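Q: When you get a sec, could you give me coordinates for this:
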Amino acid sequence: MEIRGTTIVGVRRDGKTVIGGDSQATLGDMIFKNDVVKVRKIYDGKIIVGFAGAVSDAFALFRKVEELLNKYSGNLHRTVAEIAKMFQSGEARMKLEAMLLIAGKDAMYLITGDGNVVAPTTNYISIGSGSNFALGAADALYNNTNLSAREIVEKSLGVASEYCIYTNDKFHIEEVE
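A: Numbering: from 1, shown residues only. Purely as a prediction, here's the structure:
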């Protein structure tokens, strides 16, 4: 059985970047764990990463990102370009069943388990099983309120937890400025 389920949301506003996620993991149709930390700061607290998907694959991708950030002195743009290059060259050798949201104070990216790197055209993005709910909420809140990035993340995760059975209402949120 596959351990799955999560919602991760990232928002950039007013010089702050925030990524948050719920803390539920499911095993089939059962809540397997309800206190999983899927969002963390890395590179001396300057970069935030949130993951969704198969846990072992997410950690493999996460480790590679962390290794490249250290190699390129925290240059997020170079790191994600190298991740894409790694998959294009065949160095990755496999497709990972995971996605990462990664952000610093100036940029935010989605990295897929098959090496695609996407910079959102908006200042908000979401991944995971509840991402459609969270993204809709983030869009409405970002464009129709003056809420902070953190408040938008919290409220978007709250909406996802109301509708997605794989998302709970215990959130872990990190912020960089």
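Q: could you pull out the strands for the chain?
A: Assigned by DSSP state E, the strands in the chain fall at 3-4, 7-13, 16-22, 25-27, 30-33, 39-42, 47-53, 98-103, 108-112, 117-118, 124-128, 171-176.
Q: So, low pLDDT: which residues of the protein?
A: 1-4, 91-94 (pLDDT under 70).
Q: Mind putting the strands of the chain into CSV with distance to Ile165 and mean neighbour count?
A: Bear in mind the C-beta positions are built from the backbone N, C-alpha and C, glycine included. Compiled in CSV, these are given as follows (distance: least, C-beta to C-beta, whole Å; neighbours: other C-beta atoms under 10 Å):
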stretch, distance to Ile165, mean neighbour count
strand 3-4, 11, 17
strand 7-13, 11, 28
strand 16-22, 11, 26
strand 25-27, 8, 18
strand 30-33, 9, 11
strand 39-42, 20, 18
strand 47-53, 15, 26
strand 98-103, 19, 25
strand 108-112, 23, 23
strand 117-118, 26, 16
strand 124-128, 12, 26
strand 171-176, 17, 19
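Q: To Leu61, which of the ones you listed lies closest?
A: strand 98-103 (5.5 Å; C-beta to C-beta).
Q: okay, now Asp14: neighbour count?
A: 9 (other C-beta atoms under 10 Å).
Q: make that Asn123, sorry
A: Quick note: Asn123 (other C-beta under 10 Å) scores 17 neighbours.
Q: That one touches Asp14, doesn't it?
A: No - Asn123 is beyond contact range of Asp14, at 9.9 Å (criterion: C-beta atoms under 8 Å).
Q: to the chain's geometric centre, what's the distance from stretch 122-134?
A: Remark: stretch 122-134 is offset 9 Å from the chain centroid, using C-alpha atoms, centre = their mean, to the nearest Å.
Q: how close does the residue nearest to Leu110 when sequence neighbours are not counted get to Gly5?
A: Computed as C-beta to C-beta, 6 or more residues apart in numbering, the closest residue to Leu110 that is not its neighbour in sequence is Val118, at 4.4 Å. According to C-beta to C-beta, to the nearest Å, Val118 and Gly5 sit 22 Å apart.
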